[in-house]
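*Asks:* Based on what follows, work out the 3D shape:
(one chain, ligands or ions: 2)
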Amino acid sequence: MSHYTVAFAGNPNTGKSTLFNLLTGLRQHTGNWAGKTVITAEGEFTHNQHVYRAVDLPGTYSLYSNSADEEAARDYIIFEQPDVTLVVLDATSLERNLNLALQVLEITGRAVICINLIDEAKKLGIDINLKAISKRLGVPVVAISARNEIGIGALLDQIERVATGAFTGKPLRITYSEDIERGIAELIPLVEQTVGSRYPARWIALRLLDGDNSLLTSLKAYMGGSKSYGRKEVAGHGVPACH
Ligand SMILES: Nc1nc2c(ncn2[C@@H]2O[C@H](COP(=O)(O)OP(=O)(O)OP(=O)(O)O)[C@@H](O)[C@H]2O)c(=O)[nH]1
Ligand SMILES: [Mg+2]
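*Replies:* Ligands and ions are numbered 1, 2, ... in the order given. I've put the predicted structure just below:
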């Protein structure tokens, strides 16, 4: 029996907690990690004899350090390095939601894209070509309705493929303008020299070019050992963080 960690990322209100609760049977407790005030929820589920620790990250529109929630989600994905990052999208506003998916794929290819609220999309006559999206993004894409418990088996199968390494994707990486790509190419060796190969050098270089000081602060803290991503129990333990 293997143990894996699955982080649930996504825009606010895309049904992350609904899915999280469905899978974990509401056995989650609240936790606080990385010294943040952000409360997240953790639970557990099993599928085909594998045990998964599920981490319900705060809803965010980006991983660009615009808020404590974004920094927390970003730090979790970069420093905790979950076996699978599940990106939960709203089927009725894919264009906006895919922005976060692209950012996650710039950090890790160990991802599954979960298009939720497929029932609502159907009602609106929205037809989603899952195969085309999956081919383009280079990772598995599954359509579900968390509320109506549709597509959950297929989703768990894809999570398993990524977690066990049966699937190794080639995630879509955005190519930026020549200037930016030149800057990235110059920075990558320096980033690798400084932080090692454990962290996503291209993404870090890109954020540094964008003047993302918060990421620098987090990197310094994690690498200096003054922060760890081990979860700490907090007062109010047992109060569900999902809503
Ligand atoms: N119709 C429909 N509604 C859904 C589905 N999944 C979730 N919802 C509803 O969408 C709303 C938001 O769901 P949440 O699970 O709280 O969303 P969330 O992503 O955790 O939101 P944040 O915690 O704010 O980021 C709730 O009213 C859910 O009942 C679905 O598959 N179909
Ligand atoms: Mg939630």
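*Asks:* And the residue of this structure closest to ligand 1?
*Replies:* residue 59 (2.3 Å; C-beta to the nearest ligand atom). Every residue, glycine included, has its C-beta placed from N, CA and C.
*Asks:* Can you check the pLDDT for the residue nearest to that residue when sequence neighbours are not counted?
*Replies:* Spatial nearest neighbour of residue 59, chain neighbours left out: residue 12 (3.2 Å); criterion: C-beta to C-beta, 6 or more residues apart in numbering. On the pLDDT scale, residue 12 is placed at 87.
*Asks:* again with the one 5 residues further on
*Replies:* For residue 17, the pLDDT comes out at 86.
*Asks:* if I read this right, it contacts residue 58, doesn't it?
*Replies:* No - between residue 17 and residue 58 there is no contact under C-beta atoms under 8 Å: 10.3 Å.
*Asks:* how close does residue 215 sit to residue 99?
*Replies:* Here the criterion is C-beta to C-beta, to the nearest Å. By it, residue 215 lies 18 Å from residue 99.
*Asks:* Pick out whichever of those two has more residues nearby.
*Replies:* Between residue 215 and residue 99, counted using other C-beta atoms under 10 Å, residue 215 has the larger neighbour count: 22 against 12.
*Asks:* helix or strand for that one, which one?
*Replies:* Assigned by DSSP states H and E, residue 215 belongs to helix 213-224.
*Asks:* What of residue 105?
*Replies:* helix 94-107.
*Asks:* Show the low-confidence segments of the chain, by residue range.
*Replies:* Within the chain, the stretches with pLDDT under 70 are 26-39, 225-243.
*Asks:* Those residues of it touching ligand 2, which are they?
*Replies:* When proximity is defined by C-beta under 5 Å from the ion, the chain lies next to ligand 2 at 16, 17.
*Asks:* The chain: strands as residue ranges?
*Replies:* 3-10, 29-33, 40-47, 50-56, 84-90, 111-116, 141-143, 231-232 (DSSP state E).
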